[in-house]
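# Next input, structure requested:
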Amino acid sequence: SRAARLLETPTSFPIVCAPNAQVTVTWRVRNDSEAAWPAGTMIVNGRRAFCDASASVPTAEPGAEVAITLQVTAPPVTGLCFGCWHLQAPGQGRRFGQRLPVLLEVVEPSQVEAGSPVLAQLHAMGYTDDELITSLLVSHRGQLCRVVRRLASLQCKEQRRQERRDRRGK
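Predicted coordinates:
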């Protein structure tokens, strides 16, 4: 069995781009199996991919870390979009390893340089931990309502913990 462990996703999720833009995404992945990935291994779109993109993957000996790069095309409409890609053995073989996520925030071309409106909106709501926000956006597949609910839930839990600490300190 071949294993691929995702070590690093692109540093700026969501990736802000214009509609129909070509976006290059690179992940760092480690071969966690006891066998090398054979020549001809591909990265292919999963069920939830927003575009049909695939690419060759470097061969990797057991324990080796490789950079896997894919060119994707953003959807023609604005908004958040999430997709997953997978490694696939040669010849339409079995898919293996962890999913490789992509989170795009498609904005009007004039807004690309301004950065992520979603992050700005969450910052305005008081949520400033970009690492946590990014993690939640990926785990909830870009569904902003779920992310906000989770952030609010975490905030409430932290407030309750603080209240208990305050009561104990009095």
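
# Leaving out the residues flanking it, which one is nearest to the most centrally placed residue in the chain?
In the chain, the centroid-proximal residue (C-alpha atoms, centre = their mean) is Pro101; its distance is 3.8 Å. Residue nearest to Pro101 in three dimensions, not counting chain neighbours: Val138, with 4.9 Å by C-beta to C-beta, 6 or more residues apart in numbering. Glycine gets a C-beta too; all of them are placed from N, C-alpha and C.

# Quick one: residues contacting that neighbour.
Contacts for Val138 (C-beta atoms under 8 Å, 6 or more residues apart in numbering) come out as Thr9, Phe13, Phe82, Pro101, Leu103.

# cool, Asp52 as well?
Asn45.

# my read: Glu8 touches Arg30, true?
No: judged on C-beta atoms under 8 Å, Glu8 makes no contact with Arg30 at a distance of 9.8 Å.

# out of these two, which sits in the more crowded spot?
Arg30 (18 against 12; other C-beta atoms under 10 Å).

# Got the confidence number for the more buried one?
Looking at Arg30, its pLDDT stands at 95.

# likewise Ser1?
So, for Ser1, pLDDT stands at 53.

# ok, Asp32 to Arg95 distance?
15 Å (C-beta to C-beta, to the nearest Å).

# Pull the contacting residues for the closest residue to Cys51 other than its chain neighbours.
With sequence-adjacent residues excluded and distances taken as C-beta to C-beta, 6+ apart, Cys51 is closest to Thr73, at 4.8 Å. For Thr73, the contact set (C-beta under 8 Å, 6+ apart) comprises Asn20, Ala21, Gln22, Val23, Cys51, Ala53.

# can you put those residues in JSON lines and add secondary structure, pLDDT and distance to Leu144?
Listed next are the contacts of Thr73 as JSON lines, based on DSSP: H, G, I helix; E, B strand; the rest coil; pLDDT from 0 to 100; distance: C-beta to C-beta, whole Å:
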{"residue": "Asn20", "secondary structure": "coil", "pLDDT": "95", "distance to Leu144": "22"}
{"residue": "Ala21", "secondary structure": "coil", "pLDDT": "95", "distance to Leu144": "21"}
{"residue": "Gln22", "secondary structure": "strand", "pLDDT": "95", "distance to Leu144": "25"}
{"residue": "Val23", "secondary structure": "strand", "pLDDT": "93", "distance to Leu144": "20"}
{"residue": "Cys51", "secondary structure": "coil", "pLDDT": "85", "distance to Leu144": "21"}
{"residue": "Ala53", "secondary structure": "coil", "pLDDT": "88", "distance to Leu144": "24"}
